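[1] Quick one, what's the 3D model for this:
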Amino acid sequence: MEAALEELHAESFGWALACCDRDRTMAEDVLQSAYVKVLDGRAAFEGRSTLKTFLFGVIRRTAMEHRRARWLAAGRLARLLGEGASAAFVAGPEREAIRVERSRSLLAALDRLSRRQREVLHLVFYQELTLDEAASVLGIAPGSARRHYDRGKTRLRELLPDGGAA
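    Next up, the predicted model:
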């Protein structure tokens, strides 16, 4: 099992990043927790799907648990301090300005999609899962995954300055 997890690590980390709204530290924590769940048997692979699909489901559920814990902690802290925190964007090197601008546009457009649409699009485009596999990871019906996929792509075309051509 450890060898299989190691083989899927890069893709798993990409999915963890997506599940954690691109928060690298949280994604690392989530991925470690998911691996521990799998290795200690709290999340048991029963062969009803591929290992990748199973693992992505564990990562997603673990991220939801971490988000909830962070949300509760942030709420307690905000009540104590009476304020919130914001994340700063750090621009890439000047020679990558065009790529960075396209990335910003895409991220801004993705942020305007529903969470479910973002998740389905990420699983299909970045993790190269089929719509049926994405549905399994998300715990939704395949027809629902197809609807979110189609609506997400359509909405991205509307939101991107060049209609998504770049």
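
[2] Which parts of this structure belong to which domain?
    Split into domains by automatic domain parsing, the chain comes to 1-87, 89-160.

[3] need the ones you listed in a markdown table with mean neighbour count and mean pLDDT, can you?
    The way it works is simple: take the backbone N, C-alpha and C, and place the C-beta from them, glycine included. Conversion of those to a markdown table gives the following (neighbours: other C-beta atoms under 10 Å; pLDDT from 0 to 100):
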| stretch | mean neighbour count | mean pLDDT |
| --- | --- | --- |
| domain 1-87 | 15 | 84 |
| domain 89-160 | 15 | 82 |
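
[4] And the residue minimising distance to the centre of the chain, how far from residue 30?
    By C-alpha atoms, centre = their mean, the chain has its centre lying nearest to residue 18, at 2.1 Å. Separation of residue 18 from residue 30 (C-beta to C-beta, to the nearest Å): 11 Å.

[5] And residue 2, by the same measure?
    For residue 2, the distance to residue 30 equals 18 Å [C-beta to C-beta].

[6] I'd say the residue nearest to the centre of the chain and residue 119 touch.
    Yes - if you go by C-beta atoms under 8 Å, residue 18 and residue 119 touch, sitting 7.0 Å apart.

[7] residues in contact with residue 67?
    Taking C-beta atoms under 8 Å, 6 or more residues apart in numbering, we find residue 67 in contact with 20, 26.

[8] Pull the distance from stretch 9-24 to the chain's centre.
    Centre-to-centre, stretch 9-24 and its host chain are 6 Å apart (C-alpha atoms, centre = their mean, to the nearest Å).

[9] To clarify, my last question referred to stretch 53-61.
    Taking mean C-alpha positions (C-alpha atoms, centre = their mean), stretch 53-61 and its chain are 11 Å apart.
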